[in-house]
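Visitor: Here's my sequence, what's the structure:
(2 chains)
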Number of protein chains: 2
Amino acid sequence: MRIIQNVKEMQNYAESLRKQGKRISFVPTMGYLHEGHVSLMKEAKRRGDQLIVSIYVNPVQFIAGEDFEKYPRDMARDEKIADAAGVDVIFSPAHAKMYPEQYQTYVTVEGVTRNLCGVSRPGHFRGVTTVCAKLFHIVKPHVAVFGKKDFQQLVAIRRMVDDLNMDIEIIGMPTARETDGLAMSSRNVYLKDGERESALSLSRSLVTARELYAQGERDADKILSRIRAYIEGHPYTRIDYAKICNTKTLEDVERLAGKEVLALAVMVGSTRLIDNYVFGEELTI
Amino acid sequence: MRIIQNVKEMQNYAESLRKQGKRISFVPTMGYLHEGHVSLMKEAKRRGDQLIVSIYVNPVQFIAGEDFEKYPRDMARDEKIADAAGVDVIFSPAHAKMYPEQYQTYVTVEGVTRNLCGVSRPGHFRGVTTVCAKLFHIVKPHVAVFGKKDFQQLVAIRRMVDDLNMDIEIIGMPTARETDGLAMSSRNVYLKDGERESALSLSRSLVTARELYAQGERDADKILSRIRAYIEGHPYTRIDYAKICNTKTLEDVERLAGKEVLALAVMVGSTRLIDNYVFGEELTI
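Guide: Residues are numbered from 1 along each chain as shown, chains lettered A, B, ... in the order given. Predicted coordinates for the structure are as follows:
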């Protein structure tokens, strides 16, 4: 496994791979890798000849007061996990090279970033789409794999790729979960003992939503009231949002009629957790 | 010469060229080609194995009340000019394919687009950088050639390419001029008889600025007062701006000390003309 930190070196290597007719698959990450990332890497490995993983905690997607400084990092551990997953190249650039002093260009996806996390984390998605555009231009992938846990992120990236005519296939993979159902996240390490139990209220809500849907419930408010009450019944929780949205536009719906997603963001103690369920799809809890 | 209208076909063709190790050079245009475009094409031809020219009047870079509808178009004539200039492929996509109904992604360069045309044409540069990002992803050039007449545009595109790590070489070419000095522009056809004479006040101002600079004048206001008075002495003229800016940041300067540009935008009748002179560089008038 090769580790590249220099932008130009990464571009040249990617270009040489493309010239040899190799298919580049890519998993962008912020590191502190877990089984969720590994599942993305395995899928990416299957879909290309060379698997490149970026490890970069992107400051531009953190908003003021968020956990950029304390976001967990462990490069030595990440290297071992990546190597075991069959990663060919880790790209881990320096901040000063990614955002030099005179930096001033941003990629903004408008409609689908307005609702949900776009409300509570203004500027977050601008940071995500900007860094993904940069990484795509550096790593030059044919295919990039993202997790569906960050549902709104995946929708925004798909829109960016379509709108800007980026010639890249975007794959969304099911959320990896702990055995008790908690969606895997690098931020789960923040959870204290009692909070860990309360955090299960998110994934268990998804199960409830699936059951109500299976019973024929199509009224968004009825499903959401049940879920809100359930989550609020747990200590340490504060709901940021619990919404049912169209999966393409991410606008709120009143009735479930086409393709909808239940999206949750909940503070558990001082840790912000998200989870989601696309109605009608499988839910591995 | 091949004409491609379909985005995917263009991408596949560009990809096949790159796989063969061919160097793609690119000149994006809004058509109604003139000698200025031809000079860009000749430079681009020299710098690559296959020359692709896009002809696309990009609605997103026109602001409300501007001349999008009446912007001159003549595809048959453009094809002849391009063919004679050695163009290998014309890419001329349909609006509905470039900006489908759900379109919502924009590339914004912040700092360098604030001054000059950024004041009088809010949103214009967002349209320019967005369409260039799209065209770059479709045409996949190794090198792209732009005219220096649109100086701020060139600075914004260079910033976008650097900031977003696009692996493309950007070349700026000197402004092509009519024999009397008027900067070539597709919009010159709008000029009525008396206006055509007044339009020369722009290029003649550049000559004056060059002379003052050669005589040792370094006070921006002194140069600008002379130029403003000169332009305003012509009928049909209304100065939008006459400024001296740092060539990198495009911020106004008070004294000429490093690398500065004199940038002019003048309404002549109902036609908006721009021109510029980088102090110390050659001026072919």
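
Visitor: Can you tell me how far the residue nearest to A:Val143 when sequence neighbours are not counted is from chain B?
Guide: Closest residue to A:Val143 apart from its sequence neighbours, by CB to CB, 6 or more residues apart in numbering or on different chains: A:Glu169 at 4.3 Å. All C-beta spots, glycine's among them, are computed from the backbone N, C-alpha and C. Between A:Glu169 and chain B the computed distance is 13 Å (CB to the nearest CB, to the nearest Å).

Visitor: Isn't A:Glu169 up against A:His142?
Guide: Yes. Look at A:Glu169 against A:His142 with CB atoms under 8 Å: they come within range, at 6.6 Å.

Visitor: okay, those two: which has more neighbours?
Guide: A:His142 (19 against 15; other CB atoms under 10 Å in any protein chain shown).

Visitor: Is that one in contact with A:Ala14, as I believe?
Guide: No. At 10.3 Å, A:His142 does not count as touching A:Ala14 under the criterion of CB under 8 Å.

Visitor: Which strand or helix spans A:Ile227?
Guide: helix A:220-232 (DSSP states H and E).

Visitor: what's the answer for A:Ile170, then?
Guide: A:Ile170 belongs to strand A:169-173, assigned by DSSP H and E.

Visitor: Pull up the pairing partners for that strand, direction included.
Guide: Its sheet considered, strand A:169-173 pairs with strand A:143-147 (parallel) by DSSP bridges.

Visitor: model confidence over the partner strand, on average?
Guide: Averaged across strand A:143-147, pLDDT comes to 98.

Visitor: Show me the contact partners of the helix or strand just after it.
Guide: Once the chain leaves strand A:143-147, the next helix or strand it forms, by DSSP H and E, is helix A:151-163. Contacts to helix A:151-163, defined as CB atoms under 8 Å, 6 or more residues apart in numbering or on different chains, come from residues A:107, A:109, A:111-113, A:115-118, A:125, A:128-129, A:132-133, A:144, A:146-148, A:166, A:168, A:170, A:172, A:247-248, A:250, A:261, A:263, A:276, A:278, B:102-105, B:134.

Visitor: The residues you listed in helices, which ones?
Guide: Residues of the contacts of helix A:151-163 located in helices (DSSP state H): A:Cys117, A:Gly118, A:Phe125, A:Val128, A:Thr129, A:Cys132, A:Ala133, B:Lys134.

Visitor: who touches A:Leu224 in this structure?
Guide: Here A:Leu224 is in contact with A:Ala242, A:Lys243, A:Ile244 (CB under 8 Å, 6+ apart).

Visitor: What segments of the stretch 51-200 of chain A are strands?
Guide: Assigned by DSSP state E, counting those that start in this stretch, the stretch 51-200 of chain A shows strands spanning A:89-91, A:105-109, A:143-147, A:169-173.

Visitor: Looking at these, spot the one closest to A:Lys45.
Guide: Across the strands of the stretch 51-200 of chain A, A:Lys45 has its closest neighbour in strand A:143-147 (9.4 Å, CB to CB).

Visitor: which residues sit against that closest one?
Guide: A:23-28, A:36-37, A:39-41, A:43-44, A:47-48, A:136, A:153-154, A:157, A:168-173, A:175-176.

Visitor: now A:Glu79, nearest residue through space, not along the chain?
Guide: Looking at A:Glu79 with CB to CB, 6+ apart, the closest residue is A:Ile90, at 6.6 Å.

Visitor: Distance from the helix holding A:Ile227 to the middle of the chain?
Guide: For helix A:220-232, the separation from the chain centroid amounts to 24 Å (computed by CA atoms, centre = their mean, to the nearest Å).

Visitor: Now it: buried residues?
Guide: A:Ala220, A:Ile223, A:Leu224, A:Arg226, A:Ile227, A:Tyr230, A:Ile231 (16 or more other CB atoms under 10 Å in any protein chain shown).

Visitor: now that helix: mean pLDDT?
Guide: Helix A:220-232 comes out at a mean pLDDT of 98.

Visitor: Using PDB, write out the CA atom coordinates for it.
Guide: This file holds the C-alpha atoms of helix A:220-232, laid out as PDB (Å, rounded to 0.1, in the frame of the first residue of the first chain):
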ATOM      1  CA  ALA A 220     -45.900  11.500   7.700                       C
ATOM      2  CA  ASP A 221     -47.000  13.400  10.900                       C
ATOM      3  CA  LYS A 222     -48.400  10.200  12.500                       C
ATOM      4  CA  ILE A 223     -45.200   8.300  11.900                       C
ATOM      5  CA  LEU A 224     -43.100  11.300  13.100                       C
ATOM      6  CA  SER A 225     -45.100  11.900  16.300                       C
ATOM      7  CA  ARG A 226     -44.600   8.300  17.400                       C
ATOM      8  CA  ILE A 227     -40.900   8.500  16.700                       C
ATOM      9  CA  ARG A 228     -40.400  11.900  18.400                       C
ATOM     10  CA  ALA A 229     -42.100  10.700  21.500                       C
ATOM     11  CA  TYR A 230     -40.100   7.500  21.500                       C
ATOM     12  CA  ILE A 231     -36.700   9.300  21.200                       C
ATOM     13  CA  GLU A 232     -37.600  12.000  23.700                       C
END
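
Visitor: which ones are touching the residue lying closest to A:Arg2 once chain neighbours are set aside?
Guide: Nearest non-adjacent residue to A:Arg2, counting by CB to CB, 6+ apart: A:Val89, 4.8 Å away. Residues near A:Val89 by CB under 8 Å, 6+ apart: A:Met1, A:Arg2, A:Ile3, A:Ile4, A:Met10, A:Tyr13, A:Gln50, A:Leu51, A:Ile52, A:Val53.
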